[in-house]
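> Have a look; sequence and predicted model below, questions after that.
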Amino acid sequence: MNGLKDFKVPQYMDIAHPDKGFFGYLLRCKCLPPEEVFINFIFLDDGTECCKRLSSVKKRREEIRKEWNSRIDRYHDIFVGQLYYVNEELFNDFIDFMTDGPDDAIRKFLENFTAEMRASVIDNPMGLEPLYAVTHVCQLTEDDRIHWPHIHVLWGIKKK
């Protein structure tokens with residue numbers, strides 16, 4: 001995996017306020033029982049780069065959601081969600097890489113992705129910045145089909 005070029009043009013989601021379930025979605029707090037969340041990573045946390053495996057324990061993910069929700073006062077009430085879907089020809093490679101790749105290689109990929117994502121912003125008059133980002137690799141639909149693997153990014157504005 002190389003970075004931003006491994007993904008389709010990002011899609012956008014309107015986000016009214018992330019504590020109305022969006023953080024729970026990012027952290028897979030309401031996922032289906034057979035869903036494998038342990039291969040997902042948090043790689044932006046309050047705008048700070050990191051590389052943490054998403055806990056497979058639902059209670060721990062809910063604790064993180066509570067912590068993230070407690071930070072809401074740090075931001076202006078303007079949020080944009082982006083979904084970066086992996087290119088079709090890399091579908092299986094991305095899943096294999098995120099599932100079995102060495103943590104150092106995954107960390108390097110996520111660092112490259114983040115740097116390229118930040119650099120790709122052309123017009124940003126409001127000053128949005130990426131605040132939270134999570135990979136979603138094996139997310140299931142209600143009828144047990146797999147969603148297309150993607151990276152989810154929440155952009156917002158920190159208060160001064």
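Arrived safely. Numbering: from 1, shown residues only.

> Please count neighbours and contacts with C-alpha atoms only from this point.
Noted.

> Now the residue nearest the centre of the chain. Nearest residue, chain neighbours left out?
Computing the C-alpha centroid of the chain and ranking residues by CA atoms, centre = their mean puts residue 134 first, at 2.2 Å. Nearest residue to residue 134, sequence neighbours excluded (CA to CA, 6 or more residues apart in numbering): residue 42, at 4.4 Å.

> Same question for residue 85.
Closest to residue 85 by CA to CA, 6+ apart is residue 150, at 4.2 Å.

> ok, what's across the strand from that neighbour?
Beta bridges link residue 150 to residue 85, residue 136, judged by DSSP bridges.

> burial count for it?
24 (other CA atoms under 10 Å).

> For stretch 97-108, what does the pLDDT average out to?
Averaged across stretch 97-108, pLDDT comes to 94.

> To clarify, my last question referred to stretch 46-58.
Here the average pLDDT along stretch 46-58 is 93.

> Also stretch 18-25?
If you average the pLDDT over stretch 18-25, you get 77.

> Report all helices and strands that the host helix or strand of the residue nearest to the centre of the chain contacts.
Per DSSP states H and E: residue 134 is located in strand 129-136. Counting contacts by 3 or more CA pairs under 8 Å, 6 or more residues apart in numbering; DSSP states H and E, strand 129-136 packs against strand 41-45, strand 150-158.

> The residue nearest to residue 85 touches residue 137, doesn't it?
Yes - taking contacts as CA atoms under 8 Å, residue 150 lies within contact range of residue 137: 6.4 Å.

> Buried ones in the helix or strand containing residue 67, by neighbour count?
Using DSSP H and E, residue 67 sits within helix 58-69. Under the neighbour-count criterion of 16 or more other CA atoms under 10 Å, helix 58-69 has 58, 61-62, 64-65, 68-69 buried.

> Could you name the helices and strands sitting against that helix?
Judged by 3+ CA pairs under 8 Å, 6+ apart, helix 58-69 is in contact with helix 22-26.

> ok so, going back, reformat the buried residues of helix 58-69 into CSV and put distance to residue 92 next to each item.
Formatted as CSV, those follow (distance: CA to CA, whole Å):
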residue, distance to residue 92
58, 26
61, 26
62, 29
64, 29
65, 29
68, 31
69, 33
